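[1] can you look at this prediction? I've put the sequence above it.
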Amino acid sequence: MNAEQRTDQARHRTADSAFIRACRREPVPHTPVWFMRQAGRSLPEYRKVREGTGMLESCTRPDLVTEITLQPVRRHKVDAAIYYSDIVVPLKAIGLDLDIKPGVGPVVAEPITTRADLDRLRPLDPDDVGYVTEAVGMLTGELGATPLIGFAGAPFTLASYLVEGGPSRNHERTKALMYGDPQLWADLLDRLADITAAFLKVQIEAGVSAVQLFDSWAGALAPDDYRRSVMPASAKVFDAVAPYGVPRIHFGVGTGELLGLMGEAGADVVGVDWRVPLAEAARRVGPHKALQGNLDPAVLFAPEQAVRAKAHEVLESAKAAPGHVFNLGHGVLPNTDPDALTRLVEYVHTTTEAR
Ligand SMILES: Cc1c2[nH]c(c1CCC(=O)O)Cc1[nH]c(c(CCC(=O)O)c1C)Cc1[nH]c(c(CCC(=O)O)c1C)Cc1[nH]c(c(C)c1CCC(=O)O)C2
């Protein structure tokens with residue numbers, strides 16, 4: 001089978017799933033649910049298989065990737081799997097010296113600060129990530145009609161790690177470069193857009209049914225700066241994968257003021273954090289995009305009744321959206337009780353089936 005046939009087959013296999021239908025704003029049998037960061041994090045079975053293997057090394061092992069991706073699907077009965085990887089995997093694959101420090105996040109040995117540093121950001125060749133093609137192939141075989149979501153980090157969020165050298169609260173160095181040397185900034189984001197697009201294409205050609213672009217830290221930007229200095233690069237990524245016809249999800253945190261622009265960048269589905277009610281998000285994004293979200297992940301630490309009440313509020317507010325994928329407003333928090341997630345999936349399914 002060639003890449004085009006694999007993409008076609010993946011599309012047909014999952015076209016009738018609640019998740020894909022919701023992304024396309026078609027009627028659904030129940031509201032589909034999945035959780036950002038459902039793979040890894042809170043599951044004991046994840047910790048067990050990861051024992052003795054580094055995070056980034058585990059991402060290059062198709063057997064581990066397949067097992068970890070499937071764990072939350074088996075346990076929670078979520079409507080979609082998310083491919084186990086990390087946003088820095090393509091950067092590591094082109095040879096950057098970086099690692100993921102437990103409890104910290106991605107750390108880059110030599111941050112990018114000058115034009116000469118751009119040379120280290122060479123284009124991604126599909127052969128750099130052959131393990132992704134292999135793991136996606138194994139996964140689609142196991143998942144059947146359950147969609148597999150591929151993902152990548154958006155140019156701005158990746159640039160923040162590369163320029164800061166690690167996680168950052170205020171993104172000072174990143175913004176200093178963005179405002180101080182707009183041409184270098186634009187060239188940096190453009191290179192990252194090409195790497196990101198190439199990485200998503202590998203996943204789509206291997207058989208994922210949808211893709212999510214994580215611009216986790218875009219909420220640090222004012223709308224005018226986002227529009228001028230970030231949106232063109234994210235739009236380039238969305239345009240590059242548009243011909244494949246798989247749903248494209250665009251997510252960030254604290255992005256209430258950016259939701260309209262994030263839709264305009266080329267997404268089919270806009271991810272919303274818990275700060276903006278979905279009915280208001282629907283107004284900001286317009287009638288041609290589905291929404292994904294947006295239960296506060298911290299709510300899962302409250303008693304069962306409170307979780308249900310808050311989930312009910314999300315579902316009610318989502319009635320204003322032309323399509324809704326239930327999710328948290330950000331990733332599963334590390335100490336979340338896995339049983340609370342399983343119960344939440346069941347609650348969303350049973351209450352929306354009856355509608
Ligand atoms: C910003 C970001 C990163 N990585 C990611 C983002 C965007 C999503 C978001 O906003 O939360 C995306 C990501 N990272 C991981 C996934 C797997 C799929 C999933 O379940 O969603 C996804 C989608 C695995 C991972 N990525 C990471 C882990 C934990 C590593 C471990 O288990 O040792 C996992 C399972 C590490 C990581 N990698 C990153 C951070 C901040 C961390 C956490 C560091 C820590 O607190 O330990 C960078």
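    Sure thing, it's come through.
[2] grab the nearest non-local neighbour of the one residue in the chain that gets nearest to the ligand.
    Nearest residue of the chain to the ligand: residue 40, at 2.4 Å (CB to the nearest ligand atom). (Each C-beta comes from the backbone N, C-alpha and C, glycine too.) In this structure, residue 40 finds its nearest non-sequential neighbour in residue 46, 5.2 Å apart by CB to CB, 6 or more residues apart in numbering.
[3] swap in residue 138?
    Here the residue nearest residue 138, using CB to CB, 6+ apart, is residue 66, at 4.6 Å.
[4] which helices and strands does the strand or helix carrying the one you found pack with?
    Secondary structure from DSSP states H and E places residue 66 in helix 62-76. Packing partners of helix 62-76 (3 or more CB pairs under 8 Å, 6 or more residues apart in numbering; DSSP states H and E): helix 44-50, helix 55-58, strand 81-82, helix 130-143, helix 338-353.
[5] please identify the most buried of these.
    strand 81-82 (a mean of 26; mean count of other CB atoms under 10 Å).
[6] direction included, what does it pair against?
    strand 148-153 (parallel) (DSSP bridges).
[7] put the alpha carbons of the strand it pairs with into PDB.
    This file holds the C-alpha atoms of strand 148-153, laid out as PDB (Å, rounded to 0.1, in the frame of the first residue of the first chain):
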ATOM      1  CA  LEU A 148      -5.900   7.800  16.000                       C
ATOM      2  CA  ILE A 149      -5.000  11.500  16.500                       C
ATOM      3  CA  GLY A 150      -1.500  12.600  15.400                       C
ATOM      4  CA  PHE A 151       0.000  15.900  16.700                       C
ATOM      5  CA  ALA A 152       2.800  18.400  16.600                       C
ATOM      6  CA  GLY A 153       3.900  21.400  18.500                       C
END
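[8] so that strand, near the ligand or not?
    Yes: using CB under 6 Å from any ligand atom, strand 148-153 reaches the ligand at residue 151.
[9] ditto for stretch 315-326
    No: for a cut-off given as CB under 6 Å from any ligand atom, stretch 315-326 has no contacts with the ligand; the smallest distance is 13.9 Å.
[10] can you name the residues of the stretch 101-250 of the chain sitting close to the ligand?
    102, 103, 104, 105, 106, 151, 214, 216.
[11] by neighbours, which of those wins?
    residue 106 (24 neighbours; other CB atoms under 10 Å).
[12] re the thing from before, so which of the residues of the stretch 101-250 of the chain next to the ligand belong to strands?
    Of these, the ones assigned to strands by DSSP state E are 105, 106, 151, 214.
[13] widest-spaced pair of those residues?
    Farthest-apart pair in those is 105 and 151; separation 16.1 Å (CB to CB).
[14] looking at this structure, which helix is longest?
    helix 182-206 (DSSP state H).
[15] list the buried residues in it.
    184-185, 188-189, 191-206 (16 or more other CB atoms under 10 Å).
[16] gap between that helix and the chain center?
    With CA atoms, centre = their mean, to the nearest Å as the basis, helix 182-206 stands 15 Å off its chain's centre.
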